[in-house]
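K.L.:
Here is a sequence together with a model predicted from it:
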Amino acid sequence: MFITGAAAGIGRSTALKFARSGYLVGAYDIDETGLASLSKEIAAAGGRVITGVLDVTDPVQWADRLTEFERESGGRLDVLINNAGILVAGKFEEIPLAVHKRQIDINFNGVVYGTLAAFSYLKATPGAQVINLCSASAIYGQPELVTYGATKFAVRGITEALDLEWAEYDISVKAMWPLFVQTAMTQGVSTGTTNSLGIKLTADDVAEAIFDATRPSKRLLHKVHFPVGLQSKVMTLGSRFSPAWLTREINRRLSHT
Ligand SMILES: NC(=O)c1ccc[n+]([C@@H]2O[C@H](COP(=O)([O-])OP(=O)(O)OC[C@H]3O[C@@H](n4cnc5c(N)ncnc54)[C@H](O)[C@@H]3O)[C@@H](O)[C@H]2O)c1
């Protein structure tokens, strides 16, 4: 399993979960200190881990880290997890252009670069899976999280399309949809929706959901989207059945706009 943004938060919990379950884990991030402590923790528990610096916005680093991983894994890549992400909250017009661009580069372009670079390894592995970290903020556009939410709409799009396009190679592509999670990403964030809905999930909750989503399933219908937690499940279901005007009205109220 190969995961980005593994030094902290959801990425770290997920790396630990897969390592405890016997996977060789490739854990990558720009935070070397965080990676070193993760590596120690996995090794101390008897797990297998490779770490390396990977800025997901750099296609050359993607190619290099995947080559290193492949050498250790004997050519297999069962699960690629595109987890690295950043969130900057605030009024759209008050956020500098460079910050909007950075969110797009990491949250969306990073997924494109990585998934493309990993294709040959995924194709060579029977039943390979790509897990993308989407977000409940892609159910409906979110005031004060405008560009962040929009990057997650884009992640939804690449997930759905590639899951169809790569079925012929036996590669499935899935999206995880948590609402707010108690990690560094949401620390100090105060928006209409964080205040009305709270920040309830833990990184371990999401790691468990990711692990479960990768298990072989007996379900008859193919599943692409995995809401995480009760709030996200209710909101996803509600948005499917409510008329557009009502979905907008609910979002207006929840975001206090
Ligand atoms: N926290 C939430 O409320 C929440 C909710 C839904 C979805 N998500 C998504 O889950 C993912 C993980 O979020 P988190 O809450 O664990 O965040 P986090 O801030 O706790 O951790 C993010 C990790 O990504 C790394 N990172 C940042 N930029 C990077 C880059 N350019 N290249 C490689 N690594 C980089 C950071 O160093 C950090 O270790 C993100 O995609 C996020 O959008 C988070």
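P.N.:
That came through, no problem.

K.L.:
Counting by contacts, list what whichever strand or helix holds residue 205 packs against.
P.N.:
In this structure, residue 205 sits in helix 203-213 according to DSSP states H and E. Using 3 or more C-beta pairs under 8 Å, 6 or more residues apart in numbering; DSSP states H and E, the elements in contact with helix 203-213 are helix 9-20, strand 172-178, strand 225-228. C-beta: built from backbone N, CA, C; applies to glycine.

K.L.:
So which residues make contact with the shortest one?
P.N.:
By C-beta atoms under 8 Å, 6 or more residues apart in numbering, the surrounding residues in contact with strand 225-228 are 134, 136, 156, 159, 174-179, 201, 205-206, 209, 213, 233, 235-236.

K.L.:
ok, now with 10 Å
P.N.:
Applying C-beta atoms under 10 Å, 6 or more residues apart in numbering, the external contacts of strand 225-228 come out as 10, 131, 133-136, 138-139, 156, 159-160, 163, 174-179, 181, 201, 205-210, 212-214, 232-237.

K.L.:
coming back round to it: as TSV, the helices and strands packed on helix 203-213 with mean pLDDT would be great.
P.N.:
Formatted as TSV, the helices and strands packed on helix 203-213 follow (pLDDT from 0 to 100):
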stretch	mean pLDDT
helix 9-20	98
strand 172-178	98
strand 225-228	96
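
K.L.:
Out of the ones you listed, which is closest to the ligand?
P.N.:
The ligand lies closest to helix 9-20 among these, at 2.3 Å (C-beta to the nearest ligand atom).

K.L.:
So is the closest one next to the ligand?
P.N.:
Yes. Contact of helix 9-20 with the ligand (C-beta under 6 Å from any ligand atom) involves 9, 10, 11.

K.L.:
Reformat those as TSV; add neighbour count.
P.N.:
Output for the residues of helix 9-20 next to the ligand, formatted as TSV (neighbours: other C-beta atoms under 10 Å):
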residue	neighbour count
9	23
10	29
11	29
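
K.L.:
Can you list the buried residues in the helix or strand residue 66 falls within?
P.N.:
Secondary-structure assignment from DSSP H and E places residue 66 in helix 59-73. By 16 or more other C-beta atoms under 10 Å, the buried positions in helix 59-73 come out as 61, 62, 65, 66, 69, 70, 73.

K.L.:
of all those, which comes closest to residue 53?
P.N.:
residue 61 (7.2 Å; C-beta to C-beta).

K.L.:
From the ligand, how far out is the nearest residue to the closest one once chain neighbours are set aside?
P.N.:
Distance criterion C-beta to C-beta, 6 or more residues apart in numbering; nearest residue to residue 61, sequence neighbours excluded, is residue 54 at 5.1 Å. Between residue 54 and the ligand the distance is 6 Å, computed by C-beta to the nearest ligand atom, to the nearest Å.

K.L.:
Run through the neighbouring helices and strands of the helix holding residue 66.
P.N.:
For helix 59-73, the contact count by 3 or more C-beta pairs under 10 Å, 6 or more residues apart in numbering; DSSP states H and E identifies strand 2-4, strand 24-29, strand 48-53, helix 110-123 as packing neighbours.

K.L.:
then the longest helix seen in the chain to PDB, C-alphas only?
P.N.:
Counting by DSSP state H, the longest helix found in the chain is helix 146-165. Provided in PDB are the C-alpha atoms of helix 146-165 (Å, rounded to 0.1, in the frame of the first residue of the first chain):
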ATOM      1  CA  VAL A 146     -15.000  27.500  -1.700                       C
ATOM      2  CA  THR A 147     -11.800  26.300  -3.500                       C
ATOM      3  CA  TYR A 148     -11.100  23.500  -1.000                       C
ATOM      4  CA  GLY A 149     -14.600  22.100  -1.700                       C
ATOM      5  CA  ALA A 150     -14.200  22.600  -5.400                       C
ATOM      6  CA  THR A 151     -11.000  20.500  -5.400                       C
ATOM      7  CA  LYS A 152     -13.000  17.700  -3.800                       C
ATOM      8  CA  PHE A 153     -15.700  18.000  -6.500                       C
ATOM      9  CA  ALA A 154     -12.800  17.500  -9.000                       C
ATOM     10  CA  VAL A 155     -11.600  14.500  -7.000                       C
ATOM     11  CA  ARG A 156     -15.100  13.000  -7.200                       C
ATOM     12  CA  GLY A 157     -15.000  13.500 -10.900                       C
ATOM     13  CA  ILE A 158     -11.700  11.700 -11.500                       C
ATOM     14  CA  THR A 159     -12.800   8.900  -9.200                       C
ATOM     15  CA  GLU A 160     -16.000   8.200 -11.000                       C
ATOM     16  CA  ALA A 161     -14.500   8.400 -14.500                       C
ATOM     17  CA  LEU A 162     -11.400   6.300 -13.800                       C
ATOM     18  CA  ASP A 163     -13.400   3.700 -12.000                       C
ATOM     19  CA  LEU A 164     -15.300   3.200 -15.200                       C
ATOM     20  CA  GLU A 165     -12.300   3.600 -17.600                       C
END
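
K.L.:
Many thanks, we can stop here.
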